[in-house]
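Student: Prediction below, plus the sequence it came from.
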Amino acid sequence: MRIVAGRFKGRPLKTPTSWAVRPTSDRLRETLFNILAHAYDDPVTDARVLDLFAGTGAMGFEALSRGAAHVQFVDDSAEGRGLLRANIEQLGVAGLTKVFRRDATTLGPIHPNKPFSLIFCDPPYGKGLGEQALASGLAGGWFTPDALIMLEESIEADITLPAGLVLHEQRDYRDTKVLFIGLDSAAAE
């Protein structure tokens, strides 16, 4: 597994030794970041990124490589946090990242930290954890009003977005679907 593009292009990432951590493939990451660059007017450059269920941190590191200002990784597994720390050290990005040992489904309030404009959510498939994490992030003020959220899930999963979020589009890739989600501006009024 490697960084696909940007200033860390080609740099390898530490990978899991068990099936407990399931990183997003290089090919799917490249596709998703191309969509962000061309369909969403590049929400990556200078973004504050939140990587939920981060695992190896591949999505967050790819965002840093492509110009994100800061990435906060959230993972409650020991293996995931170990991979994150090893990849942070290997890429030399400790000053641009933060690792939270926290269950992404119970984030709590964001205060005193600032909210995030680009969110990656790649939970274990088929358990409804993505919807729970997004509801928790929304309730805790973790998302900016113009935030773009990408939820990765099994193609077979039924997803009901929490109130306050709206689906922009869904893209399907083999056994995976990716939902591009925003905050419902009507709900904020």
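Tutor: Everything's here; your move. Numbers count the residues shown, from 1 in each chain.
Student: C-alpha from now on. contacts and neighbour counts both.
Tutor: Noted.
Student: now the strands: where do they sit in this protein?
Tutor: Secondary structure of the chain (DSSP state E): strands located at 48-52, 70-74, 97-100, 116-121, 143-154, 165-173, 176-183.
Student: winner for burial among those?
Tutor: strand 48-52 (a mean of 28; mean count of other Cα atoms under 10 Å).
Student: returning to what we had before: figure out which of the strands of the chain is closest to Arg85.
Tutor: Set against Arg85 and scored by Cα to Cα, the strands of the chain come closest in strand 97-100, at 7.9 Å.
Student: Give me the residues contacting the closest one.
Tutor: Contacts to strand 97-100, defined as Cα atoms under 8 Å, 6 or more residues apart in numbering, come from residues His70, Val71, Gln72, Phe73, Val74, Asp75, Asp76, Arg81, Leu84, Arg85, Ile88.
Student: Could you work out the most separated pair of these?
Tutor: Once Cα to Cα is applied, the contacts of strand 97-100 give His70 and Asp76 as the farthest pair, at 19.8 Å.
Student: burial count for Thr105?
Tutor: Look at Thr105: counted by other Cα atoms under 10 Å, it has 19 neighbours.
Student: residues contacting it?
Tutor: Leu129, Gly130, Gln132, Ala133, Leu134, Ala135, Ser136 are the contacts of Thr105 under Cα under 8 Å, 6+ apart.
Student: how about a cut-off of 10 Å?
Tutor: By Cα atoms under 10 Å, 6 or more residues apart in numbering, Thr105 lies in contact with 52-53, 123, 128-137.
Student: Am I right that His168 is in contact with Leu161?
Tutor: No: counting by Cα atoms under 10 Å, His168 stays clear of Leu161, with 11.6 Å between them.
Student: joint contacts of these two?
Tutor: Among the neighbours of His168, those also in contact with Leu161 (Cα under 10 Å, 6+ apart) are Ile181.
Student: Any regions of the chain where pLDDT drops low?
Tutor: Residues of the chain meeting the criterion pLDDT under 70: 16-24, 186-189.
Student: Please name the residues that touch the residue sitting nearest the centre point of the chain.
Tutor: Compute the mean C-alpha point of the chain, and by Cα atoms, centre = their mean the closest residue is Phe120, 1.7 Å away. Taking Cα under 10 Å, 6+ apart, we find Phe120 in contact with 49-54, 57, 59-60, 73, 148-152, 180.
Student: residue ranges of the helices in the chain, please?
Tutor: 26-39, 58-65, 78-91, 129-139, 185-188 (DSSP state H).
Student: Determine which stretch of those helices is the most buried.
Tutor: Comparing the helices of the chain by mean neighbour count (mean count of other Cα under 10 Å), helix 58-65 ranks first with a mean of 26.
Student: Now do it: which elements does it pack against?
Tutor: Secondary-structure packing of helix 58-65 (3 or more Cα pairs under 10 Å, 6 or more residues apart in numbering; DSSP states H and E): helix 26-39, strand 48-52, strand 70-74, helix 78-91, strand 97-100, strand 116-121.
Student: and the second one, which strands flank it?
Tutor: Take DSSP bridges as the rule and strand 48-52 pairs in its sheet with strand 70-74 (parallel), strand 116-121 (parallel).
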